[in-house]
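> Below are the sequence and a predicted model for it; my questions follow.
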Amino acid sequence: MSNVEISQSGVECVKIALGADHGGYELKEAIKIHLKNKGIEVLDTGTDSLESVDYPRYGFAVGEAVTTKSAELGIVICGTGLGISMAANKVPGIRAAVCTEAYSARMAREHNNANVLALGGRVTGVGLALDIVDVFLATKFAGGRHARRVELITAIERGEKL
Ligand code: RB5
């Protein structure tokens, strides 16, 4: 099977980039299996073990994979989701959102056009995390007034003063 649609309303995700430090490694592996079971292709940027590593490298790798279009969307995981999301958000064009429940994951896509989901491997259990992933991947950007606001975020990125 090649490209699989997650939901009737959601984006058709061809490839998802995953990245985690040691604090997110186990959840990354669970998400990888989950996505593969749905027929979704995964680009795994590491890490590959529980050995301590520096989360910015993985936030950057996923951010770059998304902005270079090697993947449609990304998922980054560290202990809390915080550090790795901060790193991913430094890659121009990345809008990474830390989510601990599904409502925020839906809004992150619908209103903020988030292109990276950040999760905390030491915060969110696997079952809830997989629900959050499914909602994030199934939700489309609403556009309209939200597009104007997202464009203002991009203007800040370009160094403009609002
Ligand atoms: C690593 O111990 C931890 O600091 C990291 O996984 C993450 O939570 C940082 O934000």
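Yes, it's here. Numbers count the residues shown, from 1 in each chain.
> use CA for all of it now, contacts and neighbours both
Fine.
> Contact residues of this structure facing the ligand?
21, 23, 78-84 (C-alpha under 6 Å from any ligand atom).
> so what's the backbone phi/psi at A71?
Here the main-chain torsion angles of A71 (degrees, to the nearest 10) amount to phi -140, psi 150.
> Help me confirm that it comes into contact with A61.
No - taking contact to mean C-alpha atoms under 8 Å, the distance of 11.1 Å between A71 and A61 leaves them out of contact.
> Show me where this protein has its strands.
When assigned using DSSP state E, the strands of the chain occupy the ranges 15-20, 41-44, 73-78, 96-98, 116-120.
> list the helices and strands the second one packs on?
The helices and strands touching strand 41-44, judged by 3 or more C-alpha pairs under 8 Å, 6 or more residues apart in numbering; DSSP states H and E, are strand 15-20, helix 25-37.
> And the last one, how far out from the chain middle?
By that I understand helix 25-37. Averaged C-alpha coordinates place helix 25-37 at 13 Å from its chain's average position (C-alpha atoms, centre = their mean, to the nearest Å).
> Which residues does it contact?
Residues from elsewhere that reach helix 25-37, judged by C-alpha atoms under 8 Å, 6 or more residues apart in numbering: 18-20, 41-42, 47-50, 77-78, 121, 126, 130.
> Of those - the most surrounded one?
A20 (37 neighbours; other C-alpha atoms under 10 Å).
> Give the full set of residues in contact with it.
Under the criterion of C-alpha under 8 Å, 6+ apart, the contact partners of A20 comprise 28, 45-47, 55, 58-59, 76-78, 84.
> beta partners of it?
According to DSSP bridges, I77 are recorded as the beta-bridge partners of A20.
> Nearest spatial neighbour of L43, chain-adjacent residues omitted?
Counting by C-alpha to C-alpha, 6 or more residues apart in numbering, the nearest residue to L43 once its immediate chain neighbours are dropped is A17, at 4.5 Å.
> Return the residues in contact with that neighbour.
Contacts for A17 (C-alpha under 8 Å, 6+ apart) come out as 42-45, 62, 65-66, 70-75.
> Show me just the buried residues among those residues.
When neighbours are counted using 16 or more other C-alpha atoms under 10 Å, these contain these buried positions: 42-45, 62, 65-66, 71-75.
> Report the two members of those separated by the largest distance.
With C-alpha to C-alpha as the measure, no two of the buried ones among the contacts of A17 lie farther apart than T45 and E72, at 14.4 Å.
> For this protein, which segments are assigned as helices?
With helices called from DSSP state H, the chain shows them at 25-37, 55-67, 82-88, 102-110, 126-138, 145-157.
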